[in-house]
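1. Build me a structure from this.
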Amino acid sequence: MQIIQPRPNLTTANRFYKAYPGLDYNVRLAVTGGAYPFTYSLKAAPSGMTINSSTGTIDWPNPVTTGSPCTITAQVQDQEGSTQAVTWTITVTTSGFIFVDAVNGHKTNKVTGGTADGTIGKPFQTINDWYAESDGTTTNSAVRFAPYNSYAGYFIYYRAGTYNINTFLESDISSVGRMQNQNYNKPVVWLGYPGEKAIMDWQFTNSIAFSGADNLYFDNLEFRNMSYYGIQTGGEGNNQTFRRLTMHEIGPAYGGTLSSGSNNQSLIRFVSGAPDSGNYTTIQDNKFYDIDKSYVTVGYYMNNVLVEDNTIYNSTATQTPGIGPKDSTNMWFIRHNNIYNFGQVGIWVGMYNNVPVSDVEISFNNVQSTSSPALWINQNAQPTGGKVYVFRNTFQGTVEFDGVTTTNGPFYVNNNVIINNNSGTNHITITNNSTNPAGVVETNNLVGIPSDNIVDSSGNLTSAFSSYLGQMGWQQ
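-> Just a heads-up that it's a prediction; the model follows:
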């Protein structure tokens, strides 16, 4: 068991380590491994700070500068009694924050006498105000390369309203443009103002891209109308968090465009970091829906990743899955996600190009795929790859393992509910150049066909099968 967020001994460049006075400080611990579910507690904390004992969500409604920086110690205990703790500090300050308000923000163009300075009292009005050149006369070519280190390392709060980046036209492989953030020269912490709804409307023309930024943090924002991808970051970045986001409407079915072929279009895309690898990424408490020809998230060269408590639905995607770790991804934990009304693969673990993928844990998920595998492992039948553990999930749809050999796996499948019409042993399909079917170690699963009525429309066990509650499937 390991606490991957927050990490100890970081600086105020990391969201966990800094708060604005009087604004709700709300973060969540991220834990991998161990015997889930967990129990959380605070061993040291300032007055007024609480933790949800079931989720590890920490809330401090009114941070104060008195006693800053303050020290916090949080502990997690698993079902077997093992414990881990992490200690970090929080500096409460107004330094290093900027505010953007689409409704009540101030003009910023220095040429025309704008007064905005990005403070909470004089917030900017648009993304362009903090991203563009300092004199407010930026052209697209200048924006493309982001020549000024304006607000590097700052945290941005977005107040209620709608924001877009349609003025940033750097071309990329999707031919739709993007706003590039290179070399840590721009803010990497984006926060929705507490209690307000900030909408990032990409208008099917643009996306935002970060080049492997450490401490990337997105929280409490809505993204809509994405053409190719919503957020892209280099897989080599460390300590990245995507939490409480609502991301919807991506792809041609919703008005977007798509280049020919497949270039891993996705809502959250982690591009190849070879030869470097990133560590400690968390994707928690998000809602993803209305998805066409796109992953929810795809990753390369990333280790120690937690994808937890996300809701994913309404996909008409073709040949692309919801959650998809790919080349050189290790120690991924895909836990307690609810995926339903999903037209293609719910969870997909690829092993492309003989680049090992190992130690992937898929547990406590509810996956309902309407026309493709609910779970698909090693689609391209690569001969190398490490262990994958699949337990305590509810799968309505095919569970498929391809290219199972003596040089990959083994793949452990136990205590799941598996419902489909497949004729494979225990409704598990082992195919596509599989020379070692014993490499899929299947034990103690509850299997059947849809007419058996094992689960209801929500994926929960029906009364006739309630004796399996807490033993089989995703219900705790």
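2. Just give me the residue closest to the centre of this structure.
-> With distances taken as Cα atoms, centre = their mean, residue 283 lies nearest the centre of the chain, 2.8 Å away.
3. for it, which residues make a bridge with it?
-> Under DSSP bridges, the beta-bridge partners of residue 283 are residue 242, residue 307.
4. and residue 431, what does it touch?
-> Neighbour list for residue 431: 400-402 [criterion: Cβ atoms under 8 Å, 6 or more residues apart in numbering]. Yep, even glycine has a C-beta here, placed from its N, CA and C like the rest.
5. Quick check: it vs residue 406, distance?
-> Distance of residue 431 to residue 406, computed by Cβ to Cβ, to the nearest Å: 17 Å.
6. show me where the stretch 251-400 of the chain has helices.
-> Counting by DSSP state H, counting those that start in this stretch, one finds no helices in the stretch 251-400 of the chain.
7. give me the low-pLDDT residue ranges for it?
-> Along the stretch 251-400 of the chain, the model assigns pLDDT under 70 to residues 257-263, 272-275, 317-320, 352-355.
8. hmm, 80 instead?
-> Where the stretch 251-400 of the chain drops to pLDDT under 80, the residues are 251-264, 272-277, 316-321, 327-328, 351-356, 370-371.
9. now the stretch 1-150 of the chain
-> Where the stretch 1-150 of the chain drops to pLDDT under 80, the residues are 107-115, 128-129, 131-150.
10. Do a quick rundown of the strands in it.
-> Assigned by DSSP state E, counting those that start in this stretch, the stretch 1-150 of the chain shows strands spanning 2-5, 18-19, 25-28, 30-32, 39-44, 50-51, 57-60, 70-77, 83-92, 97-100.
11. Give me the helices and strands touching the first one, please.
-> In this structure, strand 2-5 packs against strand 30-32, strand 83-92, strand 278-284, strand 302-308, with contacts taken as 3 or more Cβ pairs under 8 Å, 6 or more residues apart in numbering; DSSP states H and E.
12. Let me have those strands in a markdown table, extended by distance to residue 459.
-> Below are the helices and strands packed on strand 2-5 laid out as a markdown table (distance: least, Cβ to Cβ, whole Å):
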| stretch | distance to residue 459 |
| --- | --- |
| strand 30-32 | 24 |
| strand 83-92 | 30 |
| strand 278-284 | 20 |
| strand 302-308 | 17 |
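13. Test my guess that residue 342 contacts residue 313.
-> Yes - in this structure, residue 342 is within contact of residue 313 by Cβ atoms under 8 Å, at 6.7 Å.
14. what sits against residue 241?
-> Contact analysis of residue 241 by Cβ under 8 Å, 6+ apart lists 5, 15, 30, 216-219, 281-282, 284.
15. Filter those residues down to the buried ones, PyMOL style.
-> The PyMOL command for the buried members of the contacts of residue 241 (criterion: 16 or more other Cβ atoms under 10 Å) is given here:
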select buried, resi 5+15+30+216+217+218+219+281+282+284
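16. And the contacts of residue 431, which is closest to residue 458?
-> Distance ranking of these against residue 458, using Cβ to Cβ, places residue 400 first at 23.9 Å.
17. circling back to that earlier point, out of the contacts of residue 431, which sit inside strands?
-> 400-402 (DSSP state E).
18. most surrounded residue in the residues you listed?
-> residue 401 (30 neighbours; other Cβ atoms under 10 Å).
19. residue contacts, it?
-> 377-378, 411, 428-431, 434, 439-440.
20. Could I get the pLDDT score of it?
-> In this model, residue 401 is scored at 92, pLDDT.
21. What of residue 235?
-> With respect to pLDDT, residue 235 has a value of 66.
22. Only C-alpha atoms, please: export stretch 125-133 in PDB.
-> The C-alpha trace of stretch 125-133 is given here as PDB (Å, rounded to 0.1, in the frame of the first residue of the first chain):
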ATOM      1  CA  GLN A 125     -11.600  38.400 -17.800                       C
ATOM      2  CA  THR A 126     -10.200  35.900 -20.300                       C
ATOM      3  CA  ILE A 127      -7.500  33.200 -20.600                       C
ATOM      4  CA  ASN A 128      -5.800  35.400 -23.100                       C
ATOM      5  CA  ASP A 129      -5.300  38.100 -20.400                       C
ATOM      6  CA  TRP A 130      -2.800  36.000 -18.500                       C
ATOM      7  CA  TYR A 131      -1.400  33.900 -21.400                       C
ATOM      8  CA  ALA A 132      -0.700  36.600 -23.900                       C
ATOM      9  CA  GLU A 133       2.200  39.000 -24.200                       C
END
